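S.K.: coordinates for the following, if possible.
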Amino acid sequence: MNGTRVATTLGLALRFTVPSHLQALGETHFRESYGGPSFDVSATAFANDSTLLAVHAETLTDGSGGLDYSELSADTLAGRALHSRIDCFDLREETAEDIEGNGFLRFLDGAGFDFDRALVLMRYYLVNHEGTAEVVLSYGRVVGTCGSGEVPRATAAEVSRASRLAFADLQVD
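M.R.: All right, here's what the predicted structure looks like:
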């Protein structure tokens, strides 16, 4: 992280400029298993009252490969083919144990991020050719509630549009 410019080098090199209306929350590095193989993770996040932008660069600690998101929707971002998903997360449902057990949530909590809200989160998944490293670009918009869990089409379209603007100058090496 350098000012409003983000660059990753952990297994997959990319860079982009963070929109100026977002404030840096910092960066973190940790090892996480997500219930399966272990990953070395470097992450950073930026936020304001209505938006969260996050980047996770992750590499498999054993180098085994196999990272694949082809079951998700095929998409493009800044001309790059990738996979994406959009979901709603009510952060009010996260317990202290949930937060402590997840390196990224623990980082957000330590940075003072407000968990008393829900987010519609658009995530873009980029994986290296070997399937050993990935970068997840996330863009979230605060909403009142997740309701039934299904993201309304108009909300999904707005978050998708805003996320594409946020990552408009994405460059992947």
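S.K.: can you give the distance of the lengthiest helix in the chain from its chain's centre?
M.R.: Secondary structure assigned by DSSP state H gives helix 153-166 as the longest helix of the chain. In terms of CA atoms, centre = their mean, to the nearest Å, the centre of helix 153-166 is set 15 Å apart from its chain centre.
S.K.: name the strands paired with the helix or strand following it and say parallel or antiparallel.
M.R.: Downstream of helix 153-166, the first helix or strand assigned by DSSP states H and E is strand 171-172. For strand 171-172, the paired strands and their directions (DSSP bridges) are strand 14-17 (antiparallel).
S.K.: please list the residues outside the longest helix of the chain that contact it.
M.R.: 18-19, 51, 53, 77-78, 86, 120-122, 124, 137, 139-141, 143, 151 (CB atoms under 8 Å, 6 or more residues apart in numbering). Any C-beta I mention is one placed from the backbone N, CA and C, and that applies to glycine too.
S.K.: need the buried ones from those residues selected in ChimeraX.
M.R.: Buried residues within those, by 16 or more other CB atoms under 10 Å, are selected in ChimeraX with:
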select :18,19,51,53,77,86,120,121,122,124,137,139,140,141,143,151
